[in-house]
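Novice: What follows is a predicted structure for the sequence shown.
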Amino acid sequence: MIYLETARLQLRDWEETDIEPFSRLNADEEVMKYFPKTLSTEETKVFYESIVSEFKECGFGLYAVEIKESKEFIGFIGFHRANFEADFTPCIEIGWRLKQEAWGKGYATEGAKACLQYGFDKLGFTDVYSFTADVNAPSKSVMTKIGMSFLKTFNHPKVDRNSPLYRHVLFHADLDCYHS
C-alpha cells in the first residue's frame, strides 16, 4: 500500500525484497555515522520485523521510500513510538534514513514534510518530536526545513556517555504551529 506520494517519492508498505537494500543501508558506515553502530543483516531483519509489527499495531510507522520514477528503494521516512526514558517520552517521533546516493537531493525534507502533514491531518497527531545526536548537522537542517522548532539538548539514555553521540537535540512540531 502507498501511504503518501510527493512529487518525486512514494512512501509505502515494506516488502520482503526491501530487506537486502535495507541491510546494505544499515551496514553503510557513512549512513550510520550518527548512530552507535552499523547493523548486521540479522539486526536489520529484526529491525524490519519491528517496523512491520509497529504498522500492524499502530497503523503507522517508518514508511519504505522509493523514487517514483525508478521504483528504487532509498530508505525510510516516517513515524515511530519512542519510549526510552526521557521527560518527553513516550512520544511520536519522525525520522528518516536514506542511502548516500539519495543525499543532497531534498528527498528527506520532501518526504518528512509530507509525513508531518499526513500525521497531523490523517493520523490525528497533535505533537511530533524528532531528535538526533547534536553533531548530526544534516538531520538538524531537515528538522528546521520541515518547520520543527528546537526545544532543548539532552543526554540520550541509550547512548554511552563517553560517545560523541551522547548529547542529543530535541525538535518539536505541534498541530497549532503546523497549521498556522
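Specialist: Perfect, thanks for sending it.
Novice: residue boundaries of the strands in this protein?
Specialist: 2-5, 9-12, 62-67, 73-82, 91-98, 127-133, 149-155, 167-174 (DSSP state E).
Novice: The first one - which strands sit beside it in the sheet, and in what orientation?
Specialist: For strand 2-5, sheet partners with direction are given as strand 9-12 (antiparallel), following DSSP bridges.
Novice: Please apply the same query to the third one.
Specialist: Within its sheet, strand 62-67 is paired with strand 9-12 (antiparallel), strand 73-82 (antiparallel), according to DSSP bridges.
Novice: which of those strands sits most buried?
Specialist: strand 73-82 (a mean of 22; mean count of other CB atoms under 10 Å). For every residue, glycine as well, the C-beta is placed using N, CA and C.
Novice: where's the residue of the chain most remote from its centre relative to P138, distance?
Specialist: What lies farthest from the middle of the chain is N162; by CA atoms, centre = their mean that is 24.6 Å. Counting by CB to CB, to the nearest Å, the separation of N162 from P138 is 24 Å.
Novice: Not counting stretch 30-45 itself, show me its contacts.
Specialist: 19, 22-23, 25-29, 47, 97-100, 132-133, 135-136, 139, 159-160, 163, 165 (CB atoms under 8 Å, 6 or more residues apart in numbering).
Novice: Quick check, pLDDT for the most centrally placed residue in the chain.
Specialist: With distances taken as CA atoms, centre = their mean, the residue of the chain nearest its centroid is G95 (1.7 Å). You'll see G95 listed with a pLDDT of 98.
Novice: From S70, how far out is it?
Specialist: G95 is 24 Å from S70, by CB to CB.
Novice: do the same with A7
Specialist: Separation of A7 from S70 (CB to CB) stands at 14 Å.
Novice: again with H168
Specialist: Counting by CB to CB, the gap from H168 to S70 is 34 Å.
Novice: Settle it for me: which of these two has more neighbours?
Specialist: H168 (19 against 8; other CB atoms under 10 Å).
Novice: Am I right that F150 is in contact with H168?
Specialist: No - at 11.6 Å, F150 does not count as touching H168 under the criterion of CB atoms under 8 Å.
Novice: Name the nearest residue to N26, ignoring sequence neighbours.
Specialist: Leaving aside its sequence neighbours, N26 sits nearest to L39 (CB to CB, 6 or more residues apart in numbering; 3.8 Å).
Novice: Compute the number of surrounding residues for the one you found.
Specialist: So L39, with other CB under 10 Å, has 18 neighbours.
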